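*Asks:* Sequence and computational prediction follow.
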Amino acid sequence: MQIYQRTLKRPVACTGIGLHSGKKVNLCLRPAAPDTGVMFKRSDLAGAPLIPGDVHHVMATSMCTTVGKDGVSISTVEHLLSALSGLGVDNVLVEVDSPEVPIMDGSAAPFVFLIKNAGLTSQAELRRFYMVKREVSITDNDKFVKVAPARGLEVNFTIEFNHPMIRHQALGLRFDERTYEKDISRARTFGFLEDRERLRAANLGLGGSLDNAVVVDKYRVLNDDGLRFPDEFVRHKVLDFIGDLALVGRPVLGSFTAHKSGHALNNQLFRKFLDDPQAWQLVTPAPQRADELAPLEEMLPAFGRAVVA
Ligand SMILES: [Zn+2]
């Protein structure tokens, strides 16, 4: 039994606003050929330039992840990448008529809905995974992130904020078929009221509102409906992590542990991992039973036997 790459069955589109510009953005996801990965296209610019969605094209990691090439960029890619990776989409063309992917509700759930509307189809090429062979880590003062060998994908994340609504939150997940959609995709991005005012003064975050973020002041959550999970903050950090991890270009079989990590540190780890040929091996897992196949097509836990590609 083999695991094949997947793409969308048909194109799907949606409209939202850019978090920073506050302007309307049209997004269209289209099927793409095997081994394309995630390819972005700026449909608003002459020649509709393409930008590969991989770690080598990450240009900025402050506030959000930005990919770019030849002076053209697209920001806030991580929530869409997270949804694509979480649902096991290998190849897709992402067309955006703006420098930003729309923020939607600040989570990945609207993208999950969109991808499920398109439906998925298997392609002729086998899916190849990075199997982690040895530990790789990055530390920055009290923050760190590392990856170690494991049979599936595991993410263990802890955050510390000196805020009464957050404090210490920890989440450990071993991904299987439904974990991403159920436990992660709905967690919204969050921000502090004082930062928001500072950003607006710098003409950034103009599209930010209680409709697309959890906003906290010094003591409490300002959104009328409160939180979607008591630990929505750390769940969103895992959502972002899965989005950044998608930039590695192929699914990873490994156990990640992160403490207070963010886009910048995540990206440093993924580059260090890919740059170390002793740290990984490309494999095409071949599950021996039907019940092992379904999870691998989505987020992928235990599998029967790894075939070295
Ligand atoms: Zn985020």
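*Replies:* Structure's in. What do you need? Numbers count the residues shown, from 1 in each chain.

*Asks:* Do I have it right that G152 meets R174?
*Replies:* Yes: with contact defined as CB atoms under 8 Å, G152 reaches R174; the gap is 6.1 Å. Using the backbone N, CA and C atoms, a C-beta is placed for each residue, glycine as well.

*Asks:* Any residues of the stretch 151-300 of the chain in contact with the ion? List them.
*Replies:* T189, D240 (CB under 5 Å from the ion).

*Asks:* ok, H263 - contacts?
*Replies:* H263 is in contact with T61, S62, C64, T65, E78, D240, D244, counting by CB atoms under 8 Å, 6 or more residues apart in numbering.

*Asks:* any idea how far the ion is from the closest residue to it other than its chain neighbours?
*Replies:* Using CB to CB, 6 or more residues apart in numbering and skipping residues adjacent in sequence, the residue nearest H263 is T61, 3.9 Å away. Separation of T61 from the ion (CB to the ion, to the nearest Å) stands at 12 Å.

*Asks:* can I assume T61 is in contact with G262?
*Replies:* Yes: applying CB under 8 Å, one finds T61 in contact with G262, separated by 7.4 Å.

*Asks:* neighbour count winner among these two?
*Replies:* G262 (20 against 17; other CB atoms under 10 Å).

*Asks:* Spit out the contact partners of that one.
*Replies:* T61, K143, K237, D240.

*Asks:* Closest to the ion out of those?
*Replies:* Here the nearest of the contacts of G262 to the ion, counting by CB to the ion, is D240; it sits at 4.1 Å.

*Asks:* wait, what's in contact with the closest one?
*Replies:* E78, H79, S82, T189, G262, H263, N266.

*Asks:* could you point out where this structure is predicted with low confidence?
*Replies:* 177, 287-309 (pLDDT under 70).

*Asks:* switch to 80 and redo it
*Replies:* 1, 62-63, 175-178, 195-207, 286-309 (pLDDT under 80).

*Asks:* Which residue ranges make up each domain of it?
*Replies:* Structurally, the chain divides into domains by automatic domain parsing as follows: 4-126, 129-308.

*Asks:* Buried deepest among those domains, which one?
*Replies:* domain 4-126 (a mean of 19; mean count of other CB atoms under 10 Å).

*Asks:* I'd assumed F129 was in contact with D90.
*Replies:* No: when contacts are counted by CB under 8 Å, D90 is not listed as touching F129 (10.8 Å).

*Asks:* between these two, what contacts are shared?
*Replies:* R250.

*Asks:* SS state for the spatially most central residue of the chain?
*Replies:* When CA atoms, centre = their mean is applied to the chain, the residue found nearest the centroid is G243 (1.1 Å). Secondary structure, DSSP: H, G, I helix; E, B strand; the rest coil: G243 is helix.

*Asks:* Pretty sure it sits against V77.
*Replies:* Yes: shown here, G243 and V77 form a contact pair, counting by CB under 8 Å, at 7.2 Å.

*Asks:* Need the overlap of contacts for those two.
*Replies:* With CB under 8 Å, 6+ apart, G243 and V77 have common neighbours T65.

*Asks:* Strands along the stretch 51-200 of the chain, start to end?
*Replies:* 58-60, 66-69, 72-74, 92-96, 120-126, 129-132, 136-140, 143-149, 153-161, 167-174, 190-192 (DSSP state E, counting those that start in this stretch).

*Asks:* residues making contact with the longest one?
*Replies:* Outside strand 153-161, the residues within contact range by CB under 8 Å, 6+ apart are 166-175, 233-234, 237-238, 241-242, 251-261, 299-301.

*Asks:* How about the fifth one?
*Replies:* Applying CB under 8 Å, 6+ apart, the external contacts of strand 120-126 come out as 2-9, 31, 33-35, 87-91, 284, 309.

*Asks:* how about a cut-off of 7 Å?
*Replies:* 2-9, 34-35, 89, 91, 284 (CB atoms under 7 Å, 6 or more residues apart in numbering).
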